[in-house]
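[1] Please find the sequence and the predicted model below.
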Number of protein chains: 2
Amino acid sequence: MVKITDVARHAGVSPSTVSYVLSGKRSISEETRHRVRESIRELGYRPHAGARALASSRSNVLALMIPLRSGIAVPVVMQFAVSVVTAARRHDHDVLLLTQEEGEDGLRRVADSALVDALIVMDVQMKDPRLPLLRSLDRPSVLIGFPADADDLTCIDLDFHAAGAVCVEHLAELGHREIAMIGSPPEVYARQTGFAQRVADGFTGAVRAGGLTGDVLPCEATADAARALVGRLLAERPGLTGVLVHNEPIVGTVVRALRAAGRRVPEDVSVVAMCPDEMAEHAEPPLSSVAIPADEVGGRAVDLLMSKLDGVAVPAATLLPPTLTRRASTAPAAG
Amino acid sequence: MVKITDVARHAGVSPSTVSYVLSGKRSISEETRHRVRESIRELGYRPHAGARALASSRSNVLALMIPLRSGIAVPVVMQFAVSVVTAARRHDHDVLLLTQEEGEDGLRRVADSALVDALIVMDVQMKDPRLPLLRSLDRPSVLIGFPADADDLTCIDLDFHAAGAVCVEHLAELGHREIAMIGSPPEVYARQTGFAQRVADGFTGAVRAGGLTGDVLPCEATADAARALVGRLLAERPGLTGVLVHNEPIVGTVVRALRAAGRRVPEDVSVVAMCPDEMAEHAEPPLSSVAIPADEVGGRAVDLLMSKLDGVAVPAATLLPPTLTRRASTAPAAG
DNA sequence: CCCATTTGTCGAAGCGCTTCGATAACCACT
DNA sequence: AGTGGTTATCGAAGCGCTTCGACAAATGGG
């Protein structure tokens, strides 16, 4: 394995000079810099990550803790993970993957052993047991999601409250007066996963503000449950003409159940979904939807972390505005 | 940050003794060991990962490169990742996440910088550009998937050939004589992604061996394409009574298209799928299926890597036998 | 009871890098 | 010519751990 002294000898400089060429922390003459770079290339030199971490107390690795629980849509998690990795690489960092299962001990382990410089935590609960730990850690962290008490913590997420409201407003603009929201499974609300509740609140608030009628119905993520709920809904609310679905796995089923019940989509009932764009595009009909901008959230989370590592102050809360994409599942209310 | 000398002082021993207590590489008296452990606990000592890596030339980190391409089912990838992380933790290792996008350079980077001790690569193509690199690296690796030329490489995967055959045999046992396989999108075959081709080969071989008729039809992963294909299939092959679907996103659509065309499932047409169990269970009707045992593959991949790191020889190829789970989508052929 | 092991512990070297003075050379003003 | 300030480079210390050889004490076989 070729090391920094080999490069130094080959280039006729001292090891420290090579180090400074690499880090740019001191000025090096154009000529020397070039010569050192050539030597690095020729010898195929790669700094030893451990040695570097030891000497600089920077590992250039971020930890990402991902959820693996029911009610969390897997493709969305994956999208986050990929966007975090991609963004981290842009900043010359790598990503260590932790599962929620590892919990607080896992976070403490990688932080205290200096395996990672900073942490990103997904799927934050309202009262998340990891919060005290993250506060006490001497390394920066960013939460994807908002807990009840976010003091001293940096959080980022889609503005779910606004997202719920935007969907209602879209339906209201189209003239729908009687609507409903088919939500996530009951356990997701019970767990106080912030985002689910926030969508519901946004929905309810906008319904009230717009003088509409409509309420929130949690639903298990199974086809049976979805069909049953749609059946009940249509029976109890004959005047219903708009539905918001916030439950990825069953969006397709809901539309099909509406059709099976003789309601055309979008002619009789407009449907708007909160789900990944890809899913909305491939549905039949393509669904008007608000997507979670996973790429942007992941990228921004990394940017925030980098700023914190550089000692730059960052906003405590970042809420990304929702974007509703109109597709073929929503239309003006009849009459 | 408390370090090994602090622990040593606290326990009244030398730093090397603390190190040996931690690693178990030399015998330490019961009493000393206990005392040292107590000190570690009291002081909350965590060895510095970088220092450890530098001194021992072991980082205790594995690299996992995941695919992010069309035609690869995201939930399956996620399952692999989680199982690899979980298995790695059992061996006291962590996992660094790389995306396919990083390619050979990414692998070389983390390997040469000693950031990781070993590598796991997913979604291996028949002629994968990463193979020469992996062969030349001085660190062990395991491929999830089988390339055309696997010499000198350690591979593991579900036995897709057998999986295709098992599905045919299941249908044959039920008395079906005229069957078809709805496969992955054309580009997946074009890319020579081994597993897709192997399922098709296993299917074809078993069809021939069983004296059945049946062929393989690639299909885009969209509802439209699936419906069109089912329509064509039923028109051209009126005697068709069995279908194997190897294309996760459209399994549901295929069943619905069959029903829409007046064929009951399973009474008129039996359907068997290759997809995650969860998907098969939640389908309507629950589908007889062969799942990719992602947990086992991931776990075994890590075990193989650990053996290689310990200098223990391992089999070059590990093929896991497929398991077909009978559910409600297959039934004996009428008559 | 002596020599040969084995067992338990220590000290020191060294892993490969970064970083902190120090120094020398150069420049631009007085 | 002397002062002060850059710019470019070097040498040495040190990051926190593992590991190797040395050694003292305990053990056992003849």
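    Thanks, I have it.

[2] helix or strand for the nearest residue to residue A:260 once chain neighbours are set aside, which one?
    Leaving out its chain neighbours, the residue that sits closest to residue A:260 by C-beta to C-beta, 6 or more residues apart in numbering or on different chains is residue A:227, at 7.8 Å. Heads up, the C-betas are built off the backbone N, CA and C, glycines and all. Residue A:227 is part of helix A:223-236, with elements assigned from DSSP states H and E.

[3] Adjacent strands (with direction) for whichever helix or strand comes after that helix?
    Next helix or strand after helix A:223-236 toward the C-terminus (DSSP H and E): strand A:242-245. In the sheet, strand A:242-245 lines up against strand A:178-182 (parallel), strand A:270-274 (parallel) (DSSP bridges).

[4] any idea how far strand A:242-245 is from the chain center?
    The chain centroid and the centroid of strand A:242-245 are separated by 23 Å, computed with C-alpha atoms, centre = their mean, to the nearest Å.

[5] average pLDDT for it?
    What strand A:242-245 shows for mean pLDDT is 98.

[6] What residues sit buried inside that strand?
    The neighbour-count check on strand A:242-245 (16 or more other C-beta atoms under 10 Å in any protein chain shown) flags A:242-245 as buried.

[7] and if you look at stretch A:55-71?
    A:59-68, A:71.

[8] In strands only, show me these.
    A:61-66 (DSSP state E).

[9] Relative to DNA strand D, how far out is residue A:78?
    Between residue A:78 and DNA strand D the distance is 34 Å, computed by C-beta to the nearest atom of the strand, to the nearest Å.

[10] OK, contacts around that residue?
    Residues in contact with residue A:78, defined by C-beta atoms under 8 Å, 6 or more residues apart in numbering or on different chains, are B:74-75, B:77-78.

[11] Mind telling me what element the nearest residue to residue A:67 once chain neighbours are set aside is part of?
    In space, and not counting its chain neighbours, residue A:67 is closest to residue A:123: 3.5 Å by C-beta to C-beta, 6+ apart. Residue A:123 belongs to no helix or strand when assigned by DSSP H and E.

[12] Contacts only, for residue A:123.
    The contact partners of residue A:123, by C-beta under 8 Å, 6+ apart, come to A:66-67, A:69, A:72, A:100, A:144-145, A:193.

[13] Would you list the phi and psi of it?
    phi 50, psi 60 (degrees, to the nearest 10).

[14] mind checking pLDDT for it?
    Residue A:123 carries a pLDDT value of 90.

[15] just residue A:188 next, same as before
    Reading off the confidence values, residue A:188 has pLDDT 81.

[16] Was I right to think it contacts residue A:196?
    Yes: counting by C-beta atoms under 8 Å, residue A:188 touches residue A:196, with 4.7 Å between them.

[17] neighbour count winner among the two?
    With neighbours defined as other C-beta atoms under 10 Å in any protein chain shown, residue A:188 and residue A:196 compare such that residue A:196 has more, 24 against 21.

[18] can you tell me the helix or strand for the more buried one?
    Taking DSSP H and E as the definition, residue A:196 sits inside helix A:194-209.

[19] And the helix or strand hosting residue A:76, what's buried?
    If you go by DSSP H and E, residue A:76 is part of helix A:74-90. Buried residues in helix A:74-90, counted by 16+ other C-beta under 10 Å: A:74-89.

[20] Name the helix or strand of chain A that has the lowest mean pLDDT.
    helix A:186-190 (a mean of 83; mean pLDDT, DSSP states H and E).

[21] so what does that one touch, helix or strand wise?
    Helix A:186-190 is packed against helix A:194-209, with contacts defined by 3 or more C-beta pairs under 8 Å, 6 or more residues apart in numbering or on different chains; DSSP states H and E.

[22] Next, the angle from the helix it packs on to strand A:270-274.
    150 degrees (axes from the mean of the first three to the mean of the last three C-alpha atoms, to 10 degrees).
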